[in-house]
Each structure stands twice: as structure tokens, then as C-alpha cells.
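Asks: sequence first, then the predicted structure:
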Amino acid sequence: AQRVTQPEKLLSVFKGAPVELKCNYSYSGSPELFWYVQYSRQRLQLLLRHISRESIKGFTADLNKGETSFHLKKPFAQEEDSAMYYCALLLVGNQFYFGTGTSLTVIP
Amino acid sequence: GAVVSQHPSWVICKSGTSVKIECRSLDFQATTMFWYRQFPKQSLMLMATSNEGSKATYEQGVEKDKFLINHASLTLSTLTVTSAHPEDSSFYICSASSAGQGARYEQYFGPGTRLTVT
């Protein structure tokens, strides 16, 4: 069963425009959700996690249990935000399940 | 910061041979290591979870006799692709985590190993 869904494979926005990368999850327990980012030719790295409620590089994500969503948002996209973004669900035993990823392109 | 390395970064092998990929945590002790597989332009698929000193737990659909995982120490896990076939060609990524390293349950990813089976 697909636990994490990212409906958009590709997303393009203009520089300075708001951006939202969608993520929905399926899990009956209390979820721990994360966003990972992979810049070109670099390894996967943690962007943010819902439990810390932090803002990293201007990105925020709010866990909505009613809608089972954890969308990633940024009010003003920058060119350096172009990357592959993965939503991930952490299960018991440190097991991460990743979504299929969204490739974000910020057009100058 | 926590660093995870993989070796080799790229390997080409002939069909029917076996290939070993190493994953090392360089500056911390990884109680748990994970192996993922990533097809081009697709997501990471968790293959197995290994805890130091115990047998790996494989995800459904992953052949444990084909993908042998050994986690003999707190800094090293190996993935051996046995009797490799062209369909095993993929990008293999490991990650490591330790309850005492960084944020709780944070995973640190290796750079990946590209396997091409001819």
C-alpha cells in the first residue's frame, strides 16, 4: 500500500512566486513526517521535520491530520530551490517510506 | 556533521557475477543502516533495514538470498548483489542512523552506488 503520495512529478514556478509541493500520507498511527531534498549531483539531505516546526531555507510544512497531508510551502521561490523533493514517513524501527518525489524547477 | 560514505561509487559487472557495496558511517556509530534502491527518476525504495549484529529485515518483494546484507560493526554495512542480472542495474543508496547522533531518528544518506550489469 502506498504510504506516501506526492501527486506532482514535475513542478515549475517562476522566481519569486509561491511554491507548494504536495504530500499526502496513509498511516493509522501517529505519523512522523519529513521532507528531504536532493540537489543536482548531491546526496539526499534532510530539509525539515514536522515535529520541530522549523523553517529551513524559507520552507515550512504543516501536518494536517484531518487531511493527512504534509505540504511543503515557500512564499517566494528562489533559483537555488530547484531540486528533487521527497516527502517521507517515519515508521517504528526508524524505517522511512519515501514518496515518489517532486522535481521543482524555479524559472529565473 | 554525520558523514556516510559508500564504495564503490560506480561499478560495472558482468551478468552472473556478484558485487559488494560498502556503506560506512565515518564519524558516528550507526546502530541502524538502511539500503534503498532508486530507479531513474523514481523514488527511493526501501530494500532492507539492518541493525548491527543481527539479521537484516527485508521489505516485501526483496529477495534476501539475492541481496545479502551484513552489518557486522557499528560503522560498516555491506550489500552484496549475488548473481547479478541486467535488471539489477540501479542506484543503491544506504543511510545510517543512531539514536545518539543529531536529531532523533535522523538518517544520514550516503552518496549512492551506481550498479550497471552488462
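Replies: Looks like it arrived, so ask away.
Asks: give the contact list for A:T5.
Replies: Applying CB atoms under 8 Å, 6 or more residues apart in numbering or on different chains, we find A:T5 in contact with A:C23, A:N24, A:Y25, A:S26, A:G99, A:T100. Heads up, the C-betas are built off the backbone N, CA and C, glycines and all.
Asks: want to try JSON lines for those residues, with neighbour count and pLDDT as columns?
Replies: Formatted as JSON lines, the contacts of A:T5 follow (neighbours: other CB atoms under 10 Å in any protein chain shown; pLDDT from 0 to 100):
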{"residue": "A:C23", "neighbour count": "27", "pLDDT": "97"}
{"residue": "A:N24", "neighbour count": "18", "pLDDT": "95"}
{"residue": "A:Y25", "neighbour count": "20", "pLDDT": "94"}
{"residue": "A:S26", "neighbour count": "13", "pLDDT": "91"}
{"residue": "A:G99", "neighbour count": "26", "pLDDT": "91"}
{"residue": "A:T100", "neighbour count": "18", "pLDDT": "88"}
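Asks: pLDDT weak spots in the chain?
Replies: Just so you know, I chose chain A. Applying pLDDT under 70 to chain A flags residues A:1-2, A:93-94.
Asks: actually it's chain B I care about, not the one you picked
Replies: Using pLDDT under 70, chain B drops low at B:1, B:99-105.
Asks: tell me the contacts of the closest residue to A:W35 other than its chain neighbours?
Replies: Once flanking residues are discounted, A:W35 sits nearest to A:L47: 4.3 Å by CB to CB, 6 or more residues apart in numbering or on different chains. With contacts taken as CB under 8 Å, 6+ apart, A:L47 has the following neighbours: A:F34, A:W35, A:Y36, A:V37, A:I56, A:K57, A:F59, A:L72, A:Y85.
Asks: show me the strands in chain A, by range?
Replies: Along chain A, counting by DSSP state E, strands occupy A:4-5, A:10-14, A:19-21, A:24-25, A:32-38, A:45-49, A:60-61, A:72-74, A:83-91, A:95-98, A:102-107.
Asks: closest to chain B among the contacts of A:T5?
Replies: A:T100 (4.2 Å; CB to the nearest CB).
Asks: which residues touch that closest one?
Replies: Going by CB under 8 Å, 6+ apart, the list of residues near A:T100 reads A:T5, A:Q6, A:K9, B:Q42, B:S43.
Asks: measure the fourth one to chain A for me?
Replies: When CB to the nearest CB, to the nearest Å is the yardstick, B:Q42 and chain A sit 6 Å from each other.
Asks: can you pull the contacts of that residue?
Replies: A:T100, A:G101.
Asks: can you tell me the helix or strand for it?
Replies: B:Q42 is part of no helix or strand when elements are defined by DSSP states H and E.
Asks: could you check how far it is from B:V81?
Replies: Separation of B:Q42 from B:V81 (CB to CB, to the nearest Å): 18 Å.
Asks: ok, now the first one?
Replies: In this structure, A:T5 and B:V81 are 29 Å apart, going by CB to CB.
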